[in-house]
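Colleague: Provided below for reference: sequence and predicted model.
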Amino acid sequence: MPQHTVSRRRRLSVGTGTAALSLGLCLCAGQLISTPAASAAAPVLTAAQASAKVNPLVRTSVSARTINKGQLVRVTAKYFNPKTHKAVSYGWVRLQAFRGGKWVTQSAGKVNTAGSVNLYMRPASTVSLRAVYLANAGYNQGTGGSIRITVRNRGAAVLAEAKRHTGALYKFGAAGPTRFDCSGFTEYVFKKAAGKNLPHKANSQQHYGTAVSKSAAQVGDLIIFRSGSYGYHAGIYAGGGYMYDSPHTGARVGKHKMYGSNYVVRRLV
């Protein structure tokens, strides 16, 4: 065999081996076998890596932002997939209230097929609420914005109604809406502001509601002045030693200084 032919074959063999090694391959019995270098260059993704979890979008609404003390408030949260724009049809949501410097869970509910959940709470005082979607296999945790709920003492609503009638002229036996005597005024205001039914007589009104000490009187409490144990005049406590009442013939409804010490305080709301 000619010398130049053998040399050429050796060069081809050496060249092929060098090329194979540079590609991370080796020739073994005529087959290409992958080396560690080749595997590192082309990693295989796991199923979890291939399908990353989604951050859900949320729209939150409330039944009311200002409520009376003891009233039920409803928080509605609706979740969407930002990639498909379809409803998130599964998962759990917690309703949390901010108390004592931290978020505290109040209730929980499951998202329905339309992506909605209704959560309920009966707050005793003004509070901030939020809905938190819990993480699962398909979605990350999603925290909605904080919503401030103002809880109004019902006594304040009673006082507000009393103030609305400032200037109304006294008329014996009248119970509103434009003229009042003393017990007619308290009867009308408590009915209008709190749905409470009182008789049209101061002496009878002193037996309604719950007895409260004078030092614990709150805005909106019923005040009954007495002669002995007989109730003869009614008013609505306005705080600071004042009341709203319809005093006497020739006078008008207004905020007046409380007089005397023989009176009782009754809490109706």
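Modeller: Arrived safely. Numbers count the residues shown, from 1 in each chain.

Colleague: got the domain boundaries for the chain?
Modeller: The chain breaks down into these domains under automatic domain parsing: 3-38, 57-151, 155-267.

Colleague: Now Gly142. Its backbone dihedrals?
Modeller: Torsion angles at Gly142 (phi, psi; degrees, to the nearest 10) stand at phi -130, psi 120.

Colleague: And it, how far from Ala108?
Modeller: 14 Å (Cβ to Cβ, to the nearest Å). Every C-beta, even on glycine, is put in place using the N, C-alpha and C of the backbone.

Colleague: just checking, Phe190 is part of a strand?
Modeller: No. Assigned with DSSP: H, G, I helix; E, B strand; the rest coil, Phe190 falls outside any strand and is helix.

Colleague: Model confidence score at it, please.
Modeller: Per-residue pLDDT puts Phe190 at 97.

Colleague: again, but for Ala50
Modeller: On the pLDDT scale, Ala50 gets 39.

Colleague: Could you do Leu159 as well?
Modeller: pLDDT, Leu159: 95.

Colleague: ok, now Pro2?
Modeller: 47.

Colleague: Val189 contacts Ala162, doesn't it?
Modeller: Yes. Using Cβ atoms under 8 Å, Val189 is in contact with Ala162, at 5.0 Å.

Colleague: Identify the contacts common to those two.
Modeller: Each of Ile236 lies in contact with both Val189 and Ala162 under the rule Cβ atoms under 8 Å, 6 or more residues apart in numbering.

Colleague: Just confirm Gly155 is within a helix.
Modeller: Yes. Looking at Gly155 with three-state DSSP, it is inside a helix.
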